[in-house]
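Visitor: Here is a sequence together with a model predicted from it:
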Amino acid sequence: MKKYIFFVGLLLLSFSPAFAQKTNTIVIENSDFSDLNEIELPGAFLLTGNVRAVHDGVVLTCNKAYYYKNENYIKAFGDVQMVQGDTLYLNGKYAEYNGNVKQAFATGNVVMRSPEMSLVTDTINFDRVKQEANYNSNGTIVNKENTLKSKSGRYYLTQKKYQFLTSVVLTNPQYVIKSNHLDYYTNSGHSYLFGPSTITGKENFIYTEKGFYDTKKNKAHFVKNSYIKYNDRLIKGDSLYYDRNQEFASATRNVKITDSINKAIIKGHYGEVYRNKDSLFITKRASVRTLMEQDSMFIHGKRLVVTGKQGERIIRGYNNVRFFKTDMSGKCDSLHSDQKRGLTQLIGRPILWNFENQLTGDVMHLIGNNQTEKLDSLKVLNNAFIISKDTIGTGYNQVKGLNLYGKFRDNKLYEVDIVKNTEVIYYLRNDEQELIGINKNSSSKINMILDGKTIETITFFNNVDGEIYPEAELPENTRKLRGFVWRGDERIKTKEDIFPPEENEYDVKAAADVKAELKEDDVPMEPRKETLEYDKKPAAKKVSTTKKTAKK
């Protein structure tokens, strides 16, 4: 079978003077037959059989040609071949070449090839001066593992770049890229996307409106309206980095990770996701929102780490952890929450507010019920202390002891046992809320039944010692137990309160940066240095030839 090879390019062959010498005129080097018929072909030579022509280093061969010498123009038919060095090849059934402007046109099952790729289309135009080729008749490009199809495209030989401005599809064994604006570099496999674009893989779906994808290394960077979607997780951010081989993603600024399986939303301004390890890391105004019994728990830490599969998730918070729920909030130095065990540990100076009750201690554990997804119980170990404001007056109800064990009902602390060296100061009021007296007492153990804001009953056990004082008979300086610290001004009352001032300032700055960027012109990404210098060899190191003279 005959191959139709239509070559366009610069060919410098040392064994042929005709190729080594450049000329402005198309030179006919060979033709089996030549005829001149001014009636049928005015101004043209009819060349047939093994036609060979050269122009400025370009070689053209075909079965038949019309050569217009005065116009420096040639039309080629059948087995058309044209070659330009070893960088580009084209083949087709018919071609035209203008030697004055160095422009070529080819049609009929056209194939354009280079060392990196091949293009199959119906019609192509090539400008030798600009070193640009373009087509508008549907084309298929094959570049190693990548196959690109588009309605039209332009190829820049110097840059080894295809540019597609209409619907283009890049197919790889691992994914499919679709876009209306794609710049593709055939040597490096680098792709630059602009406008609504998608990347569909076996494990995920990516959307972006401006981005970069390295098809060889499977690494990407997306910078506008971008997200990565897995079956159970959605990752958003102003800037996204993605490594398909490692299934790793990092996001910067306005990061939002939605975990549909674990009913969690993670936010911050920098995050990392390791999908194969079922783990993620978030910082810079970081927060985790989890759903608990139709209510949301918001957790903040300077750094948050979430690991584990469904049902085995662990949340770790570090440095100034704060959390908020409609009926509960708190603070601690660090936090460890184990979903499988239903255990949340507040570590380092923990404090908890449940309705109007302030609870503190050295160690604090919240125990949940995985079946009901509700809080079940509470442990406060060492220096347990409960404080609540008197409902009317300026005093404080206080209970302290070594350890505290509490039980929740509908996420409300309703029963508390305090053991060892317990002390109480409690303001007693009647049904009309009139102060009866102040109960100051100590015992081995105390049991309290709570009703949200108030204490319904207090029961003392063993070694009970104390009495009820009329308000006037109990001095102010004795109305507070040792270790009393009221921290009502620190109480977290809204989900916004979980963030310290410095992180809110960072959030304001990030919003200002986004606003400034929106004012900038929306243009494609500039090609990276590694794209432009992909084929360049590193400069050879200079070897010093300086000789040292030995001292005599």
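Guide: Nice, thanks for sending it over. Numbering: from 1, shown residues only.

Visitor: Which strands or helices does whichever helix in the chain runs longest pack on?
Guide: Ranked by residue count under DSSP state H, the longest helix found in the chain is helix 501-519. Secondary-structure packing of helix 501-519 (3 or more CB pairs under 8 Å, 6 or more residues apart in numbering; DSSP states H and E): strand 248-259, strand 264-274. Heads up, the C-betas are built off the backbone N, CA and C, glycines and all.

Visitor: Tabulate those strands in CSV, adding columns for mean neighbour count and mean pLDDT.
Guide: Below are those laid out as CSV (neighbours: other CB atoms under 10 Å; pLDDT from 0 to 100):
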stretch, mean neighbour count, mean pLDDT
strand 248-259, 21, 95
strand 264-274, 21, 95
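
Visitor: Tabulate the ones you listed (TSV), appending distance to G395.
Guide: Putting the helices and strands packed on helix 501-519 into TSV (distance: least, CB to CB, whole Å) gives the following:
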stretch	distance to G395
strand 248-259	45
strand 264-274	41
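
Visitor: out of the ones you listed, which comes closest to G211?
Guide: G211 lies closest to strand 248-259 among the helices and strands packed on helix 501-519, at 12.8 Å (CB to CB).

Visitor: Any regions of the stretch 1-150 of the chain where pLDDT drops low?
Guide: Residue ranges of the stretch 1-150 of the chain with pLDDT under 70: 1-23.

Visitor: all helices of it, in order?
Guide: Assigned by DSSP state H, counting those that start in this stretch, the helices in the stretch 1-150 of the chain fall at 17-20.

Visitor: residues contacting H300?
Guide: Residues near H300 by CB atoms under 8 Å, 6 or more residues apart in numbering: R285, A286, S287, G317, N320, V321, R322, F323, I498, F499.

Visitor: What's the ChimeraX syntax to select whichever of those residues are buried?
Guide: If you want just the buried ones from these in ChimeraX, going by 16 or more other CB atoms under 10 Å, the selection is:
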select :285,286,287,317,320,321,322,323,498,499
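
Visitor: Lowest-confidence entry in the contacts of H300?
Guide: In this model, the minimum pLDDT among these belongs to N320 (91).

Visitor: Now it. Nearest residue, chain neighbours left out?
Guide: Using CB to CB, 6 or more residues apart in numbering and skipping residues adjacent in sequence, the residue nearest N320 is K302, 5.8 Å away.

Visitor: ok, now how distant is that neighbour from F499?
Guide: According to CB to CB, to the nearest Å, K302 and F499 sit 10 Å apart.

Visitor: contacting residues around the helix or strand where K331 lies?
Guide: Applying DSSP states H and E as the criterion places K331 in strand 328-338. With contact meaning CB under 8 Å, 6+ apart, strand 328-338 is reached by 299, 301, 314-323, 343-354, 364, 375, 411, 490-493, 497.

Visitor: again with stretch 67-76
Guide: Contacts of stretch 67-76 (CB under 8 Å, 6+ apart): 24-26, 28, 43-45, 47, 51, 53, 60, 62, 64-66, 94-100.

Visitor: Could I get the buried residue list for it?
Guide: For stretch 67-76, by 16+ other CB under 10 Å, it's Y67, Y68, N72, Y73, I74, K75, A76.

Visitor: Over to stretch 159-175?
Guide: By neighbour count on 16+ other CB under 10 Å, the buried set for stretch 159-175 is Q159, K160, K161, Y162, Q163, F164, L165, V168, L170, N172, Y175.

Visitor: Tell me who's in contact with the second one.
Guide: By that I understand K160. S114, E116, Y185, T186, N187, D535.

Visitor: rerun at 10 Å
Guide: By CB atoms under 10 Å, 6 or more residues apart in numbering, K160 lies in contact with 87-88, 114-117, 184-188, 531, 534-535.

Visitor: go on, the third one?
Guide: Neighbouring residues of K161 by CB under 10 Å, 6+ apart: 132, 154-155, 183-188, 190, 192, 527, 531-532.

Visitor: again, only this time at 6 Å
Guide: The neighbours of K161, taking CB atoms under 6 Å, 6 or more residues apart in numbering as the test, are D183, Y185.

Visitor: burial count for the closest residue in space to R154 that isn't next to it in sequence?
Guide: Nearest non-adjacent residue to R154, counting by CB to CB, 6+ apart: N134, 4.3 Å away. Per other CB atoms under 10 Å, the neighbour tally for N134 reads 17.

Visitor: Tell me if I'm right that N134 and Y156 touch.
Guide: No: with contact defined as CB atoms under 6 Å, N134 does not reach Y156; the gap is 9.8 Å.

Visitor: separation between Y89 and Y97?
Guide: 15 Å.

Visitor: same question but for R128, I mixed them up
Guide: 9 Å.

Visitor: more neighbours, the two?
Guide: More crowded of R128 and Y97, by other CB under 10 Å: Y97, with 26 against 23.

Visitor: OK, contacts around that one?
Guide: Here Y97 is in contact with I74, A104 (CB under 6 Å, 6+ apart).

Visitor: Same check on E247?
Guide: Counting by CB under 6 Å, 6+ apart, E247 makes contact with R275, N276.

Visitor: Does T140 touch L148 like I think?
Guide: No: in this structure, T140 is not within contact of L148 by CB under 6 Å, at 7.2 Å.

Visitor: Name the residue in those two with the higher neighbour count.
Guide: When T140 and L148 are compared for neighbours, L148 comes out ahead with 24 against 14, by other CB under 10 Å.

Visitor: For that one, list each beta-bridge partner.
Guide: Going by DSSP bridges, L148 is paired in beta bridges with I141, L170.

Visitor: Just give the closest residue to the one residue sitting closest to the centre of the chain, not the sequence neighbours.
Guide: Against the mean C-alpha coordinate of the chain, by CA atoms, centre = their mean, the closest residue is L240 at 2.9 Å. In space, and not counting its chain neighbours, L240 is closest to F222: 4.4 Å by CB to CB, 6+ apart.

Visitor: Tell me which of the helices and strands packed on helix 501-519 lies nearest to K229.
Guide: Across the helices and strands packed on helix 501-519, K229 has its closest neighbour in strand 248-259 (9.2 Å, CB to CB).

Visitor: Which other helices and strands does the closest one contact?
Guide: Strand 248-259 sits against strand 233-237, strand 239-243, strand 264-274, with contacts defined as 3 or more CB pairs under 6 Å, 6 or more residues apart in numbering; DSSP states H and E.

Visitor: Describe which strands the second one pairs with in its sheet and in which direction.
Guide: In other words, strand 239-243. Strand pairing (DSSP bridges) places strand 239-243 next to strand 219-222 (antiparallel), strand 248-259 (antiparallel).

Visitor: swap in the last one?
Guide: Sheet pairing for strand 264-274, assigned by DSSP bridges, gives strand 248-259 (antiparallel), strand 279-283 (antiparallel), strand 287-292 (antiparallel).

Visitor: mind putting these in JSON lines, distance to S388 included?
Guide: As requested, the strands paired with strand 264-274 are exported to JSON lines (distance: least, CB to CB, whole Å):
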{"stretch": "strand 248-259", "distance to S388": "36"}
{"stretch": "strand 279-283", "distance to S388": "34"}
{"stretch": "strand 287-292", "distance to S388": "24"}
